[in-house]
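S.K.: I'd like to go over a predicted model; first the sequence, then the structure.
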Amino acid sequence: MDHVFLSDIDGTLVLRDAPLTREVVEAARDYTARGGLLSVCTGRSLPAVRHVAEAIGVNAPSILYGGAAIYDFRRGEYLYTQCFRWDVMTAVRAVLAAYPDISMQVFTIDDVFVLRRTRRLNERGVREENVNPVCDPEAVTGDVLKLVMCCDDPGRLEECRRFFPAEYCHFAFASRTFVDVVAAGFGKGEAMARLSGLLGIPFDHFFSAGDAITDLPMLRGSCLSFAPENALPAVKEAVTYVVPDVYSGGMAQAFRIAAEYMEKH
C-alpha cells in the first residue's frame with residue numbers, strides 16, 4: 001500500500017527569510033522517486049502554494065486554505081471545497097468595527113481580499129496573499145473559504161472568537177499572532193480524514209510534518225510525525241521526530257527517514 005507524506009509549509013518547509021533549500025527539494029524528490037506520495041497541508045491559498053508544490057514535486061492531492069479545500073495539482077482542479085454556509089461577512093464587519101488594530105483577509109476560491117493591512121501582516125504574513133489593495137467588505141465577491149486575522153496582541157484575537165460561533169466556524173490560532181477561521185468541521189484534521197478517504201490510504205500509512213497547533217491533528221494521526229526545532233514546544237512534544245530547524249533544512253532529514261521507513265514497511 002502507498003504511503004503519503006503530508007507537510008505543512010510555513011514554519012516547516014519555509015520561513016519568510018528562509019526559502020526552500022536544495023537539500024530539502026532533493027530529499028523530497030528522492031522520497032517520491034522511491035514511490036512515496038507527497039502532499040502539502042497548509043493554510044495558504046492556491047496561488048501561494050503552487051511554486052512550493054512544483055519545487056518539491058507534490059504528486060498527491062493537497063489540503064489548502066486550512067482544510068477548506070483539497071486540490072489536485074496533477075489534474076489542475078479542486079476535488080473538494082467547503083465555503084461558509086453562514087453569513088460570515090457580518091462577523092467580519094463586526095471585527096473591523098471593534099478592533100482597528102486587527103488585520104483582516106478574506107479568501108475566496110478566486111482571490112484574496114485585504115480588508116485591513118497592519119504592520120504585523122506586512123512583516124509576518126504570506127507575501128503572495130498580501131498584494132491586493134485594501135478594499136471594503138462590500139467589494140468581496142464569491143463564496144468565502146477562509147479568513148485570516150492578525151494582531152500584535154493575541155488576547156485581542158482571542159476576544160474575536162465571540163463573533164464566530166463554534167457551530168458555524170472553526171477558529172484556530174495558526175501562530176501566536178495569527179488566527180485562521182474556516183467553516184466548522186473543516187480544519188486540517190478533518191481534511192486529512194477526507195484525503196485518506198479519497199486516496200483509500202489509512203492513517204497508519206501517513207507521515208506528517210508541522211510546526212503549529214493547527215497541525216496537531218494530522219501529526220497525532222500519522223504513523224510517523226516530524227516537527228522542526230523552531231516549532232512550538234507543544235508540537236515538538238507530540239511528534240515522533242524533531243528535526244533541525246527550517247534555516248538548517250531539517251525537512252530533508254524528515255523525508256529521508258520517511259523514505260527509509262516506507263521501504264521497510
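M.R.: Yep, it's here. Residues are numbered from 1 along each chain as shown.

S.K.: for the nearest residue to residue 15 once chain neighbours are set aside, give me its contacts.
M.R.: Using CB to CB, 6 or more residues apart in numbering and skipping residues adjacent in sequence, the residue nearest residue 15 is residue 246, 4.9 Å away. To be clear about C-beta, it is placed using only N, CA and C from the backbone, and glycine gets the same treatment. Applying CB atoms under 8 Å, 6 or more residues apart in numbering to residue 246 gives the contacts 11, 12, 13, 14, 15, 18, 228, 230.

S.K.: hmm, 10 Å instead?
M.R.: By CB atoms under 10 Å, 6 or more residues apart in numbering, residue 246 lies in contact with 10-15, 17-21, 24, 211, 228-231.

S.K.: now residue 230
M.R.: 11, 12, 15, 18, 211, 236, 244, 245, 246, 247, 248, 250.

S.K.: with these in mind, which one is nearest to residue 42?
M.R.: Here the nearest of the contacts of residue 230 to residue 42, counting by CB to CB, is residue 12; it sits at 8.9 Å.

S.K.: please, which helix or strand holds the closest one?
M.R.: Of the helices and strands defined by DSSP states H and E, none includes residue 12.

S.K.: state the distance from it to residue 206.
M.R.: 15 Å (CB to CB, to the nearest Å).

S.K.: same question for residue 148.
M.R.: Distance from residue 148 to residue 206, by CB to CB: 26 Å.

S.K.: now do the buried residues in stretch 150-165.
M.R.: 150, 151, 156, 157, 160, 163, 164 (16 or more other CB atoms under 10 Å).

S.K.: which member of those residues is positioned nearest residue 111?
M.R.: residue 150 (18.9 Å).

S.K.: and that closest one, what does it touch?
M.R.: If you count contacts by CB under 10 Å, 6+ apart, then residue 150 has 101-105, 116, 118-125, 157, 174-179 around it.

S.K.: what do you get if the cut-off is 7 Å, keeping everything else the same?
M.R.: 103, 118, 120, 121, 124, 125, 177, 178 (CB atoms under 7 Å, 6 or more residues apart in numbering).

S.K.: and residue 46, by the same measure?
M.R.: 64, 71.

S.K.: try it again at 6 Å.
M.R.: Residues near residue 46 by CB atoms under 6 Å, 6 or more residues apart in numbering: residue 64.

S.K.: same thing with residue 24?
M.R.: 249, 251, 252.

S.K.: if we ignore the residues flanking it in sequence, what's nearest the most centrally placed residue in the chain?
M.R.: Nearest to the geometric centre of the chain sits residue 42, at 1.8 Å (CA atoms, centre = their mean). Distances taken as CB to CB, 6+ apart put residue 9 closest to residue 42, at 4.4 Å, once the chain neighbours are dropped.
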